[in-house]
Structures are given as structure tokens and as C-alpha cells.
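Student: I'd like to go over a predicted model; first the sequence, then the structure.
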Amino acid sequence: MTDPHPASAAGRVDPGRSPAIVTVTANPSLDRTLELTAPLSHGAVQRASNVRTEPGGKGVNVARVASAAGIGTRALLPARAGDPLLAALDSVALPYLTLAIDGEVRSNVTIVDPDGTTTKVNAPGFVLDDASAAELTELVLANAGDARWVALCGSLPPGLPHNWYRTVVDALADTGCRVAVDTSGAPLAAAVTGPVDLLKPNEEELAEATGVDPAELSTASARGDHAPLVAAATVLAHRTGAAILATLGAAGALLVTSTGAWFATPPPIVPRSTVGAGDAALTGYLIAECGGAEEPERLRMAVAYGSAATALAGTQPPYPDQIDPDNVSVTDLTGAASAG
């Protein structure tokens, strides 16, 4: 087996524990969240009631939620020694390995209105050259062997080809691990050209990946008509062989697999920040799957984790005692696509 700790990698890992979930964050960030005392006003000077700085990037968020649940995890990411992001990861004791780069990890800014409305400003990220891209791929393959899931998450930094996720998924085909992909734009379009185990689009990304008019899905969702959503997710499931976990914001989430379709609505919460809610939902699904749960219960846990994350400030990971799966309502929609 390939050495799981190649010479180019460094970080904080538990050598005696194989991770159940390995996450890949090619474009990590240090996330700064500002909670405002009044709604955001363009061009105005405003005051924040609270400021948080946390390690970020979608894969890092997934790893933090899994770690908080006691699931063995390892986050893989590019970062130089001494980067402030790594200090933030050390402060939360998250296991990670890094590919050394020459520059600093980007900082993203999130502005949260008092009602929970979120505005994000994301920097492009450090440029990775061809050699770094190859080394990052090697780092993923070296750490995937004993994992149950590898989660490829988020945007790709400048320099990585748009089909990098697809290349990694294909390279992982013989490792025995399962692969989840959560991305958008050109990387999503490339990822869905072949088989994968799990895709987690939001409503807009589901439309994007299937060529459906986004307004059609949005209008149907707003009136409680799930058939167009199920139909679009079914197309994507048939094309890729994946389970499709479509997160729909405050409305809940949809799960479509080869065996059925289900819709879940969240428990009542007071929203504080939507940043990282989709990542928490993905993690909830993976946690449930690792525990042997059937599809409806995986969806229930996804929505429970996603809604719990929305009730927390910044990108804090929800802990198991903060989720409320008993008040997540799951409805069987099997057959809705053909009926729509």
C-alpha cells in the first residue's frame, strides 16, 4: 500500500486510527464572520455585534462536523507551514495533512444580518501549478485506502483543471472507498460525466447539472411541488449511479437513489448563519451511512445536522446533542418523478 504520509505531507494525524471519512478541500479558507446589528446597507458604515474567525472550506467543515460526532476523520488540504488556517485547525484539534504551498491560504468574509440573511465574499485562492496538482492527487490517493468515504468538497483554486474532481474520482475507483462530491460550476459539470457514489447539489446546482431551468425548480419548490425536483435528481442519479442529496435551504432536503425518493423538512429553529449548513447536511448523511442507516434515516440525519448548523453562529460544527432528528419529518416520494 502507498505510504499514507508521503514526504510532501505534514500535519496533525492520529497514526493509530484509520479515518472513516477523508475530506479533500482543494481551496481552503480562513473564514471571518461578522454579525451585524442592523441589515446590511450598501455603502454605509456599520457595526458588528460579534466577530468569529474559524477554519473553513467545505471539506474542512465536513471534517469538523464528523470529528465533533466522534467519527474518525482526516482533512486533506494545501497550506504552508505556519499558515493561520493551520493554527485554527490545531486549536480545534482536527486531524489533517497538508500539501505544502508557497503562499497563504485565502480569507473569506461572511456578513450575517440580524434575521440570518447571509452575504459572502470569497477570495479566489492560491494558484496551484501542475506539479502541485499532481502532488495533491497523490496525497488523496495515499489516504483513501482505509477510508469508507472520501468527500471532495468545494471550489477549485486557480491552476487546478476544472475536471480535477472527475480525475480523482476515477483514480479512486479501485480503492474500495466511496466518493462524495459537493461542488458547482464547471467542476460539477465534469464530475457528473461518470460514476460517483454521492452528489450533494443545492437547488441551483441541481438545475445546473441537469440543464433544467432554475426558475422552474424554484417555482415548483416554493409551491410545494416536489415532482420536478425528483425528476431532475432522478436524471442525475441515472446518469452517475449516485445517490442525490439535494439541499433546499429552509425548505429541507431531497434524497433520490436507485431504490426511491424522500423529502424531509427541518425542525423549527432560529437561524443565525447558513454558512456551512449544506456541509453539515452532507456530514449528517455520511455519519448515518457509516452507522448502517437506511436511506430515509440518512436523509433525516442530513436535515437534522444542516438545520442545527444554521442555528449556530459562523461555521461552528453542531454536536450530536444539538441536533433534533425526532422533529425532522420524512415523506416518501417514490414515484413522484413519473407522476410529475
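Tutor: Now that the structure is in, tell me what you want to look at.
Student: Okay, strands next: where are they in the stretch 51-200 of the chain?
Tutor: 73-78, 96-99, 106-112, 118-121, 149-153, 178-182, 198-199 (DSSP state E, counting those that start in this stretch).
Student: what's the span of stretch 147-155, first residue to last?
Tutor: With CA to CA, to the nearest Å as the measure, stretch 147-155 spans 22 Å from end to end.
Student: and that stretch, what's its mean pLDDT?
Tutor: Stretch 147-155 shows a mean pLDDT of 97.
Student: among the strands of the stretch 51-200 of the chain, which is nearest Arg272?
Tutor: Closest of the strands of the stretch 51-200 of the chain to Arg272 is strand 106-112, at 6.9 Å (criterion: CB to CB). To be clear about C-beta, it is placed using only N, CA and C from the backbone, and glycine gets the same treatment.
Student: Can you mark which positions in the closest one are buried?
Tutor: For strand 106-112, burial by neighbour count (16 or more other CB atoms under 10 Å) applies to 106-108, 110-112.
Student: which of those residues sit farthest apart?
Tutor: Arg106 and Val112, at 19.5 Å, using CB to CB across the buried residues of strand 106-112.
Student: surely His226 meets Ala233?
Tutor: No - contact criterion CB atoms under 8 Å: His226 and Ala233 do not qualify, at 9.7 Å.
Student: what touches both of the two?
Tutor: In terms of CB atoms under 8 Å, 6 or more residues apart in numbering, His226 and Ala233 are both contacted by the residues Leu254.
Student: Comparing those two, which residue is more hemmed in?
Tutor: Higher neighbour count among His226 and Ala233: Ala233, with 30 against 23, using other CB atoms under 10 Å.
Student: Could you verify my assumption that that one touches Ala246?
Tutor: Yes - Ala233 sits in contact with Ala246 when judged by CB under 8 Å, with a separation of 5.6 Å.
Student: Mind listing the shared neighbours of the two?
Tutor: Shared contacts of Ala233 and Ala246 (CB under 8 Å, 6+ apart): 206, 254, 256.
Student: List the contacts of the helix or strand hosting the first one.
Tutor: Spelled out, it's Leu206. Element membership of Leu206, judged by DSSP states H and E, is helix 203-210. Contact partners of helix 203-210, identified using CB under 8 Å, 6+ apart, comprise 184-185, 188-189, 192, 199, 201, 212-214, 216-218, 221, 229, 232-233, 235-236, 244, 246-249.
Student: And those residues, which of them are buried?
Tutor: Listed as buried from the contacts of helix 203-210 are 184, 188, 192, 199, 201, 212, 217, 221, 229, 232-233, 235-236, 244, 246-249; burial here means 16+ other CB under 10 Å.
Student: in the stretch 201-340 of the chain, which spans are helices?
Tutor: 203-210, 214-222, 227-240, 277-290, 295-310, 336-339 (DSSP state H, counting those that start in this stretch).
Student: same check, this time on the stretch 1-150 of the chain
Tutor: Using DSSP H, counting those that start in this stretch, helices in the stretch 1-150 of the chain cover 58-68, 84-91, 130-144.
Student: How far does the second one sit from its chain's centre?
Tutor: Yep, that's helix 84-91 we're talking about. Distance of helix 84-91 from its chain centroid, counting by CA atoms, centre = their mean, to the nearest Å, is 20 Å.
Student: Show me what that helix is packed up against.
Tutor: strand 9-12, strand 29-36, strand 48-56, strand 96-99 (3 or more CB pairs under 8 Å, 6 or more residues apart in numbering; DSSP states H and E).
Student: In the stretch 1-150 of the chain, where is pLDDT below threshold?
Tutor: 1-17 (pLDDT under 70).
Student: hmm, 80 instead?
Tutor: Scanning the stretch 1-150 of the chain for pLDDT under 80 picks out 1-18.
Student: Equivalent analysis for the stretch 201-340 of the chain, please.
Tutor: 273, 314, 335-340.
Student: Next, the contact list for Ala311, please.
Tutor: 269-272, 318, 322.
Student: can you pick the most crowded of those residues?
Tutor: Pro318 (26 neighbours).
Student: Quick check: nearest residue in space to it, chain neighbours excluded?
Tutor: Ala308 (3.6 Å; CB to CB, 6 or more residues apart in numbering).
Student: and if you look at Gly176?
Tutor: Gly145 (7.5 Å).
Student: Then Pro228?
Tutor: According to CB to CB, 6+ apart, the nearest residue to Pro228 is Ala220 (4.3 Å).
Student: wait, the residue nearest to Pro318 sits on Ala281?
Tutor: No - the pair Ala308 and Ala281 does not pass the contact test of CB under 8 Å, sitting 9.7 Å apart.
Student: This completes my enquiry, with thanks.
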